[in-house]
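S.K.: Please work out how this folds:
(2 chains)
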2 protein chains.
Amino acid sequence: MTNYFSSEFKLGILGGGQLGKMMLYETRKFDVQTFVLDPSNEAPSRIACNQFEQGDLMDYETVLNFGRKVDVLTFEIESVNVEALEKLKEEGIKVFPAPETLRKIQDKGIQKEFYLENDISTAPFKKFTSKADLISAIENVEVDLPFVWKNTTGGYDGKGVAVIKTKDALKDLPDTPCIAEKLIPFKNELAVIVARSPSGEVQTYPVVEMEFHPEANQVEYVICPARIDASVAEKARALAKKVSEAFEHVGLLAVEMFQTKEDEILVNEVAPRPHNSGHYSIEASYTNQFEQHIRAILDLPLGNTQSKVGGVMVNLVGEEGHTGNVVYENISEILAMKAVTPHIYGKKITRPFRKMGHVTIVNEDLAEARRIAEEVKNTIKVISE
Amino acid sequence: MTNYFSSEFKLGILGGGQLGKMMLYETRKFDVQTFVLDPSNEAPSRIACNQFEQGDLMDYETVLNFGRKVDVLTFEIESVNVEALEKLKEEGIKVFPAPETLRKIQDKGIQKEFYLENDISTAPFKKFTSKADLISAIENVEVDLPFVWKNTTGGYDGKGVAVIKTKDALKDLPDTPCIAEKLIPFKNELAVIVARSPSGEVQTYPVVEMEFHPEANQVEYVICPARIDASVAEKARALAKKVSEAFEHVGLLAVEMFQTKEDEILVNEVAPRPHNSGHYSIEASYTNQFEQHIRAILDLPLGNTQSKVGGVMVNLVGEEGHTGNVVYENISEILAMKAVTPHIYGKKITRPFRKMGHVTIVNEDLAEARRIAEEVKNTIKVISE
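M.R.: Numbers count the residues shown, from 1 in each chain, chains lettered A, B, ... in the order given. You can find the predicted model right below:
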């Protein structure tokens, strides 16, 4: 084994956002040297890494030159120059997750086809190279309304995804390669985080449930463990493991899934990195997702994925009507609630719906955690000065 | 309430060692700006703070100039220039713990007298201004052998403390002000961490037990909760709270105590900061000691001090016969054990008995955690290249 701890070994991280920032707590704990590349000079990871570089993650030369300085390279965001990663791998730099895995995930069309080829259940879809192709397919009744439109590249946090109910709604879509996916009337949206090391050791975290706001179509709470039957949970974990192994993925893979009305499990999409649905693990799990990612990519033994206590996570997003220097109103009130931990990402400017932080509520009694989470959500407000 | 989160507010920390480093995880989580002063340019806190300054913590001007840049000032080590803290307080900087509290604690003679004045049980002692005074007291049978000799200032980690069994052993002692304390035949060494805010909110952590090596007179394991009767634990927590209130202490106060053979509880000594005996809390407690210290000194509501699971901590100290660039031998083996988390402080050079890190083992079953801790201790070795 390489000596990673208090040594000359260097880990590179592409992206310096909140995921990178939380990953850095763990590299500090292990005293692993880190280099971070991010386009913003005010990236949350700027402090707590050993060396920070400002640069474009989509630029071939920038990523190549950065990667050459480190021994192992990982990323906290999918929008990175994959050709540079391929070149670095060729040159002998360890790149985890592997560039070929990232290539299959970056493009949602390729990702969906990968599921079909590997006998992984997913919602039926059709792939189009242009908006015109999509429209003619609808006119030829090859695609039925309503359906889920997805831009094949560049989408995150619900961007690049739309539920299309009428032909009229098509006019707002950009002219890009896309897929049209059958709208699944699901009972629950679930997620499982899988950790896999280069040696092939695999661990899955418990199934979490994304609870949606009944009116606004927005995830409000991530709940661990999901309040579902043990048999359904087992099926979801097995499917997520199958997905990770099919990709030969190294590091963390967050697998988002639908539980249909018939308790079938369909893969929705994956993220090859620590994920919002795993933030609860910092307080609730024996090994949190960020430490697990570091263990996986360094080919260290994986940690225990079980939970110590029940966990519920609430995202802190900017209030509508507020743009400017951020203020966390009533944060003192939520700190007075039982076992409530706010995580502030360190973005100075709030904008409507911008992800500014999250709050974890843990409790031996999951229902009580869920109750306190609602109180948290109704109390704290992310506003501008 | 001041707006501490993602704001212009500045927290200063005197000392940049491992305690400061672990405190910085929490300031990062809350996005509180931090300034750190430490004499070493390679201090573990150098990264993860917003601004690092190299300088002598005992130098009046250095501490004064540093303190003037921040809004709230705290410390992670007691050996700091207290006159500068007094001046800063006069100038309106919030200094927590308060300089007058630190003054009472820095000198062990004054600390012991404070216990007597405040009706706090402690081992009987006598105070001497020189070695000659001590020797004449022994000759006049005012001090009986064996006794515990303590240098009144500057001791830590067992330095400045010696058990004197024979007159012959006196010749190794330095000529400094000191105390001679009655040697207590204790059953257990216990500790309780108390958090107290400027508003007077007080929380105590569960009683921990320092388990000693049966031959070498060294703490091997810190165990939470201590394996003692509930009534004894309650007495210890009540006494620790009394000590904190007597000092009007703000922040964390670690109170080390003896449980005598008759189940009496005597205060041994205190540390006005996060403490080695509280490291288990990172993994085991709802609110870890470092977050609690930040909450306390910022006058935020205190967090839940209960444990999620049982915790045992093992210190990682340099092996005898090894000085040089550190290697953590068999760290991969301990990472494969259940719920084992190493914390590497980031010191490049190991020396015999130097504190290089610690390992926490958590488990629902404390006896199982204790068993794994022994396996950890027998497996990992801190050696040089």
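
S.K.: Tell me which stretches of chain A form helices.
M.R.: Here chain A has its helices, by DSSP state H, at A:18-29, A:60-67, A:82-90, A:99-106, A:108-117, A:131-139, A:230-246, A:281-284, A:289-297, A:331-335, A:366-379.

S.K.: need those in TSV with mean pLDDT, distance to A:Val317 and mean neighbour count, can you?
M.R.: The way it works is simple: take the backbone N, C-alpha and C, and place the C-beta from them, glycine included. Shown next, in TSV, are these (pLDDT from 0 to 100; distance: least, CB to CB, whole Å; neighbours: other CB atoms under 10 Å in any protein chain shown):
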stretch	mean pLDDT	distance to A:Val317	mean neighbour count
helix A:18-29	97	12	25
helix A:60-67	98	30	18
helix A:82-90	98	30	18
helix A:99-106	96	25	19
helix A:108-117	96	24	18
helix A:131-139	93	30	15
helix A:230-246	98	27	18
helix A:281-284	98	19	25
helix A:289-297	98	20	26
helix A:331-335	97	15	20
helix A:366-379	98	11	18
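
S.K.: Looking at these, spot the one closest to B:Asn140.
M.R.: helix A:18-29 (54.0 Å; CB to CB).

S.K.: what does that closest one rub up against?
M.R.: By CB atoms under 8 Å, 6 or more residues apart in numbering or on different chains, the residues outside helix A:18-29 that reach it are A:11, A:13, A:33-34, A:36, A:38, A:43-45, A:48-49, A:76-77, A:273-274, A:279, A:282, A:288, A:290-291, A:293-294, A:343, A:345-346, A:355, A:357, B:21, B:25, B:28-29, B:47-48, B:341-344, B:346.

S.K.: hey, which helix or strand in chain A has the poorest pLDDT?
M.R.: Ranked by mean pLDDT, DSSP states H and E, the weakest helix or strand in chain A is strand A:161-164, scoring a mean of 90.

S.K.: Within the sheet, what are the partner strands of it, with directions?
M.R.: Next to strand A:161-164 in the sheet, as set by DSSP bridges, lie strand A:147-151 (antiparallel).

S.K.: So which residues make contact with the strand it pairs with?
M.R.: Applying CB under 8 Å, 6+ apart, the set of residues contacting strand A:147-151 is A:108, A:123, A:134, A:160-164, A:173-174, A:176-183.

S.K.: Pull out the buried members of the residues you listed.
M.R.: For those, a neighbour count by 16 or more other CB atoms under 10 Å in any protein chain shown gives the buried set as A:Lys108, A:Ala123, A:Leu134, A:Gly160, A:Ala162, A:Ile164, A:Pro177, A:Cys178, A:Ile179, A:Ala180, A:Glu181, A:Lys182.

S.K.: wait, which of the residues you listed is closest to chain B?
M.R.: Chain B has its nearest neighbour among these in A:Gly160, at 28.3 Å by CB to the nearest CB.

S.K.: How about the residues of the stretch 151-300 of chain A by chain B?
M.R.: Residues of the stretch 151-300 of chain A lying close to chain B by CB under 8 Å from any CB of the partner chain are A:Tyr286, A:Thr287, A:Glu291, A:Arg295, A:Leu300.

S.K.: Based on its surroundings, how many neighbours for the first one?
M.R.: Which is A:Tyr286. 22 (other CB atoms under 10 Å in any protein chain shown).

S.K.: So it is in contact with A:Lys308, correct?
M.R.: Yes: between A:Tyr286 and A:Lys308 there is a contact at 6.3 Å, judged by CB atoms under 8 Å.

S.K.: So which residues on the stretch 1-150 of chain A come close to chain B?
M.R.: A:1, A:3, A:5-6, A:21, A:24-25, A:28-31, A:47-50.
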